[in-house]
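structure, please.
(one chain, ligands or ions: 2)
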Amino acid sequence: MTGLDPVHRDFFAGGAGEERTLRANEDAWARRRIIPRVLRGTGPRDLRTTLLGTDLSMPVLIAPTAFHSLAHPDGEVATATAAAAAGTAMIVSMAATRPIEQIAATGATLWFQLYPQPDLTFQDALLERVTKAGVKALVVTVDSPVFSHGRRDLRTGFTDLPPGLACENMRDDTGVVRDITMDDTLSWAHLDRLRAGTGLPVVLKGILHPADALLAVEHGADAVIVSNHGGRQLDGAIATLDALPAVLAAAGGRIPVLIDGGIRTGTDILVALALGAKAVAVGRPVIWGLAGGGAHGVQEKLETLRAQLDHSLALAGAQRPADLSPDLIA
Ligand SMILES: Cc1cc2nc3c(=O)[nH]c(=O)nc-3n(C[C@H](O)[C@H](O)[C@H](O)COP(=O)(O)O)c2cc1C
Ligand SMILES: CCCCCCC(=O)C(=O)O
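Ligands and ions are numbered 1, 2, ... in the order given. As a prediction, the model looks like this:
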């Protein structure tokens, strides 16, 4: 976290309200225990995974997080450089501080995160732009009909990006940077329109209730991410790991289920995969890597997670993620 302004560190680290959900996310992983299998002669591990047509070197994606240029001057370009080197995908936040074309020039596999915007003309142009830049999937954040309340930012006074930085993908055709709108009228009808207007796979991020997982399947979502926005939206929301089993049951294997929130170690990833998640996404650890060492720092974080997952798989008696099953988790 070298050089990170304390106000910006609080923006990245903080959660909503009393930060109960922020803490619950990490605590939930720490509560689970692994029941390893032995004498399985697995040999070297193979962590590769294919997700929505995207080949990943491991089942770990970079979660969308805002404002990477506050953590490092190279911003999202550094993060994407690390994703490319690690052979995984970066989900680019709609609040990225670098234009999608620059981020894509790193050669990284990118998915793009969208807060659906009420100005449909602007939204359509944005989707056309990111598709042209080569993003491979659209991640629609559905847990934010309004901005969250009571984050540390209120205390620290962090309200906006400093001069010279902007949400570069919110520039319209006149060059003006639009504000990101949180829309409390959003409904499944908006999702249907989005799906009809894009050829990209659509992933819903922020599903916690099994009934919503079922609706996601019925409305043709290609995947869901079990997420509570890293404890930054509804404080008191269920920890993502605790929500995972019911969401998996509702999805019934028809679409991949991903999870984020408090995932910090290879054993956390193993637990998620054993319970049935197809992959995980990590948010804050990537930011800390970026702040500490730019692209190199992010890559180091990703490689640490890879090494830990590989080691945990070996010790649990599995060669590949598909060898894991829920009976390994207590
Ligand atoms: C600083 C910060 C900014 C975030 N910005 C976004 C965002 O722009 N869009 C979004 O869908 N989620 C955003 N999230 C939520 C993350 O995508 C993800 O759900 C969460 O960080 C996962 O938890 P973790 O940080 O404990 O790994 C943000 C999270 C953090 C910490
Ligand atoms: C005004 C930009 C909104 C960015 C939202 C970022 C975000 O989701 C977060 O949790 O922070």
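
list the buried residues in the helix or strand hosting residue 297.
Assigned by DSSP states H and E, residue 297 belongs to helix 284-316. Within helix 284-316, the residues that count as buried by 16 or more other Cβ atoms under 10 Å are 284-295, 297-299, 301-302, 305-306, 308-310, 312-314, 316. For every residue, glycine as well, the C-beta is placed using N, CA and C.

try stretch 116-128
Of all the residues in stretch 116-128, those buried under the rule 16+ other Cβ under 10 Å are 116, 117, 123, 126, 127.

what pLDDT does the model give the one residue sitting closest to the centre of the chain?
Nearest residue to the geometric centre of the chain (Cα atoms, centre = their mean): residue 63, 2.3 Å. As predicted, residue 63 sits at a pLDDT of 99.

which ones are touching it?
With contacts defined as Cβ atoms under 8 Å, 6 or more residues apart in numbering, the neighbours of residue 63 are 91, 227, 230, 260, 281, 282, 283, 286.

quick check: phi and psi on it?
Backbone torsions of residue 63, given as degrees, to the nearest 10, read phi -70, psi 150.

how close does the residue in the chain that ligand 1 sits nearest to get to residue 212?
Nearest residue of the chain to ligand 1, counting by Cβ to the nearest ligand atom: residue 283, 2.3 Å away. Distance from residue 283 to residue 212, counting by Cβ to Cβ, to the nearest Å: 21 Å.

who's in contact with residue 113?
Contact analysis of residue 113 by Cβ under 8 Å, 6+ apart lists 64, 91, 92, 93, 94, 139, 140, 141, 205.

count of neighbours near the first one?
Per other Cβ atoms under 10 Å, the neighbour tally for residue 64 reads 24.

okay, now the unreliable bits of the stretch 1-150 of the chain?
For the stretch 1-150 of the chain, the stretches with pLDDT under 70 are 1-2, 150.

element containing residue 37, please.
Following DSSP H and E, there is no helix or strand that holds residue 37.

and it, how close does it get to residue 244?
Distance of residue 37 to residue 244, computed by Cβ to Cβ: 22 Å.

go on, residue 237?
According to Cβ to Cβ, residue 237 and residue 244 sit 13 Å apart.

same thing with residue 8?
Going from residue 8 to residue 244 by Cβ to Cβ gives 31 Å.

if I look at the residue lying farthest from the centre of the chain, how far off is ligand 2?
The C-alpha centroid of the chain is most remote from residue 39, which lies 35.3 Å away (Cα atoms, centre = their mean). Relative to ligand 2, residue 39 is positioned 46 Å away (Cβ to the nearest ligand atom, to the nearest Å).

residue contacts, that residue?
Taking Cβ under 8 Å, 6+ apart as the test, what residue 39 contacts is residue 317.

same check, this time on residue 77
Residues in contact with residue 77 (Cβ under 8 Å, 6+ apart) are 98, 102, 103, 105, 106, 295.

surely the last one touches residue 78?
What that stands for is residue 295. Yes: counting by Cβ atoms under 8 Å, residue 295 does reach residue 78; the two are 4.1 Å apart.

residues of the stretch 1-150 of the chain that sit close to ligand 2?
66, 95 (Cβ under 6 Å from any ligand atom).

quick check: residue 148 touching residue 232?
Yes: the pair residue 148 and residue 232 passes the contact test of Cβ under 8 Å, sitting 5.5 Å apart.

okay, and the common contacts of the two?
Taking Cβ under 8 Å, 6+ apart as the contact rule, residue 148 and residue 232 both touch residue 16.

between these two, which one's more packed in?
Just comparing residue 148 and residue 232: by other Cβ under 10 Å the higher neighbour count belongs to residue 232, 22 against 19.

my guess is that one meets residue 12, correct?
No: look at residue 232 against residue 12 with Cβ under 8 Å: they stay out of range, at 10.2 Å.

residue contacts, residue 284?
Applying Cβ under 8 Å, 6+ apart, we find residue 284 in contact with 12, 13, 65, 230.

Serialize these to CSV and add fields for distance to ligand 1, neighbour count and secondary structure.
As requested, the contacts of residue 284 are exported to CSV (distance: Cβ to the nearest ligand atom, whole Å; neighbours: other Cβ atoms under 10 Å; DSSP: H, G, I helix; E, B strand; the rest coil):
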residue, distance to ligand 1, neighbour count, secondary structure
12, 4, 22, helix
13, 7, 17, helix
65, 4, 25, coil
230, 3, 24, helix
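
so residue 145 lies in a strand, does it not?
No: using DSSP: H, G, I helix; E, B strand; the rest coil, the secondary structure at residue 145 is coil, not a strand.
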